[in-house]
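*Asks:* pasting the sequence and the predicted coordinates here, then a few questions.
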Amino acid sequence: MATKIYVSGGSINIEGVFTDVMSINPTAFDWSKQGSNFTVRDKIENQSYKLGVLADIQNKNGLVFATEALLINYLNELMFPLANNFELAVAMGLVDNVTPVNKFGSAPSGVQTTATDIWDRADATPTQQIWVAPTEARKHILVSTDADDSCGSGTLTLTGQPLDTETVTIGTKVYTFQDILTDVDGNVLIGASASESLDNLIAAINLAAGSGTIYAASTTAGSNVIAEAGAGDTMILWDQDSLSLATTVTLSSGSWGAATITPGTGARKIRIYGLKTWDTNESNEDIVSHGTSQVVSVESYVIIHRMKVLTAGTGAPNEGTISATSQTDASVTAVILPDNGQTEMAIYGIPSTKDFYLTSWRCNIDKAAVTDVTCDFQLKANESPQINPKLFLRKYDISVQSTGANMFESNFKLPIKFTGPCIIKVQGIGSAADIDAESSFDGYLVNK
């Protein structure tokens, strides 16, 4: 058999029972022993490779393992280099059923002399100091304060009715207006008014209701765009992929605002992270930003505890403040401040399927304070958010001051367990108003 196993270039190499040398990433496999035979298993491909008995296995340089114990030690060193570094192994995704959690929050000049949650929106406005979860699973409205946080939009304006055979072209997709609708891809029925004709075009672009009656049943999707009615006889077209699409018309009574849809310089696509219910694991959803126009999430969430910018233009990650507001409740549940690119909220939701083990907690305030200030931080937990999302209990405290060492960290040798469902958050109370404070915590999310 003459199987050889050795390390080369950071990979495990196995020779002997294969026609070619096989390299396997050390973090992707393990070994086992059945009887006297040793086997290597590729965990990603779920495929096993037989190495044979001790006598069959030798180092490429000819080193023979005198005992199975020496071989076992060698295999462990090759395949479990992280055995003594649990934290790194978890971070690399090598520990089953365990996920690392790192949460960081900031209240820029926001902690007041009354209770203030450590999150992006905290400031002197009382209604913004405390983060509030939705009362139940809600869809969320995403919007920016800056029009440049946009995938790009174009406006088509009609000053009169389109005429038979006149066209609107978006990218390479052509839509043709007709007096009498025929079933050819892209044909659109001219309505009783310019507004109705635009509505029919919008339906055709979005492949909405009306196929076969107001636009051709054979119509297929064009570029990845969304059309919606604007003010008066206008249509707004959103370029979801920010491709700078060309737009043209042959309309005698209509025109585009520009020949090309130009994306904004800021955020274009945003990912939100949260829980759809208190009994489901974290999920995420990507939302294309429409600047100062609202976009509603597809899914409903009981908590959104993180947002980040996925794609952006040539300017800042996000030019304006991007907020997620729950429908019905109208509570702002997450915010990305200008140029940050992601939320900074020391708030985290744990589903009933998991337990969270807190390993460390840090708090600090900005030393650039005009006068000496202190801030008392409290780690709070809501252990029944599905019943009362506002019921938070005080668990731990850290107090820091602006003079001397202004950061304090608690490391828990025995991690503190929080059983899901649960919300963990950090709150601060300052000795003066408008204290710039930050807090973060780490831990492990473990499957029940």
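*Replies:* Here it is on my side, so go on. Numbering: from 1, shown residues only.
*Asks:* please, where are all the helices along the stretch 101-250 of the chain?
*Replies:* 126-129, 194-206 (DSSP state H, counting those that start in this stretch).
*Asks:* mean pLDDT per helix and strand in this protein: which one sits at the bottom?
*Replies:* strand 22-24 (a mean of 40; mean pLDDT, DSSP states H and E).
*Asks:* mean pLDDT lowest for which of the helices of the stretch 101-250 of the chain?
*Replies:* Among the helices of the stretch 101-250 of the chain, helix 126-129 carries the lowest mean pLDDT, a mean of 85.
*Asks:* need the contact partners of that helix.
*Replies:* Gly110, Gln112, Thr114, Ala115, Thr116, Asp117, Arg121, Ala122, Asp123, Val332 (CB atoms under 8 Å, 6 or more residues apart in numbering). (Each C-beta comes from the backbone N, C-alpha and C, glycine too.)
*Asks:* now with 10 Å?
*Replies:* Identification of contacts with helix 126-129 by CB atoms under 10 Å, 6 or more residues apart in numbering yields 107, 110-112, 114-117, 119-123, 331-332, 335, 427-428.
*Asks:* in it, what counts as buried?
*Replies:* For helix 126-129, a neighbour-count test (16 or more other CB atoms under 10 Å) marks Gln128, Gln129 as buried.
*Asks:* same check, this time on stretch 408-417
*Replies:* Of the residues in stretch 408-417, Ser410, Pro415, Ile416 count as buried by neighbour count, 16+ other CB under 10 Å.
*Asks:* show the contacting residues for the last one.
*Replies:* Taking CB under 10 Å, 6+ apart, we find Ile416 in contact with 356-359, 361, 379, 381, 395-396, 410, 424, 441, 443.
*Asks:* please apply the same query to the second one.
*Replies:* The contact partners of Pro415, taken as CB under 10 Å, 6+ apart, are Phe356, Tyr357, Leu358, Thr359, Ser360, Asp442, Gly443, Tyr444, Val446.
*Asks:* still on that earlier bit, among the buried residues of stretch 408-417, which lie within strands?
*Replies:* Mapping those onto strands (DSSP state E) picks out Ser410, Pro415, Ile416.
*Asks:* could I get those residues as a markdown table with distance to Ala267 and pLDDT?
*Replies:* Formatted as a markdown table, those follow (distance: CB to CB, whole Å; pLDDT from 0 to 100):
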| residue | distance to Ala267 | pLDDT |
| --- | --- | --- |
| Ser410 | 35 | 96 |
| Pro415 | 36 | 95 |
| Ile416 | 36 | 96 |
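*Asks:* pretty sure Phe441 is touching Arg362, no?
*Replies:* Yes: between Phe441 and Arg362 there is a contact under CB atoms under 10 Å: 7.2 Å.
*Asks:* what touches both of these two?
*Replies:* In contact with both Phe441 and Arg362: Phe104, Ala346, Glu409, Ser410, Val426, using CB under 10 Å, 6+ apart.
*Asks:* ok, back up a step: just the buried members of the contacts of Pro415?
*Replies:* Buried members of the contacts of Pro415, counted by 16+ other CB under 10 Å: Phe356, Tyr357, Leu358, Thr359, Asp442, Gly443, Tyr444, Val446.
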